[in-house]
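Novice: Sequence plus the predicted model coming up.
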Amino acid sequence: QVQVVESGGGLVQPGGSLRLSCAASGSIFSIWAMGWYRQAPGKQRELVASITSGGSTNYADSVKGRFTISRDNAKNTVYLQMNSAKPEDTAVYYCYADVGTARGTVPIDYWGQGTQVTVSS
């Protein structure tokens, strides 16, 4: 079994910064992509950022230049540095990890429970 646990959410003022962390643990052979989605009330879940095991990144247009995704492969951990936060960044942020549990198996996405980020003065 694989567990994915997020941390670091909370309240931040507009223009402020917050750092989210997400660690995967358990029966992990390899992790391919990791990343973050978010879901605001009444809206669909959307991709925020993703990163491959090799470090290639992808960002939603709405966060480019403000958010930075990074990962520590040795710790099976992905981070999301949120700068210049805006009220529209308010959402529940979900982490995922694309995990292979054994050599030759098809990777499966595992999800965290979500962490609330609120941008408000």
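Specialist: That came in fine, so what should we check first? Numbers count the residues shown, from 1 in each chain.
Novice: make it CA atoms for all contacts and neighbour counts henceforth
Specialist: Noted.
Novice: which residue is nearest the middle of this protein?
Specialist: residue 36 (2.7 Å; Cα atoms, centre = their mean).
Novice: Sticking with that one, tell me its helix or strand.
Specialist: strand 30-39 (DSSP states H and E).
Novice: Outside of that strand itself, list whatever touches it.
Specialist: By Cα atoms under 8 Å, 6 or more residues apart in numbering, the residues outside strand 30-39 that reach it are 45-53, 69, 76, 78, 80, 91-102, 107.
Novice: Share the number of residues neighbouring residue 30, please.
Specialist: 17 (other Cα atoms under 10 Å).
Novice: Oh, that last question was meant for residue 62, not what I typed.
Specialist: 11.
Novice: How about the secondary structure of it?
Specialist: helix (DSSP: H, G, I helix; E, B strand; the rest coil).
Novice: ok, which stretches of the protein are strands?
Specialist: For the chain, the strands defined by DSSP state E occupy 2-7, 10-12, 18-26, 30-39, 46-51, 57-59, 67-72, 77-82, 91-100, 108-111, 115-119.
Novice: Out of these, which one sits most buried?
Specialist: Compared across those, strand 91-100 shows the largest average neighbour count, a mean of 24 (mean count of other Cα atoms under 10 Å).
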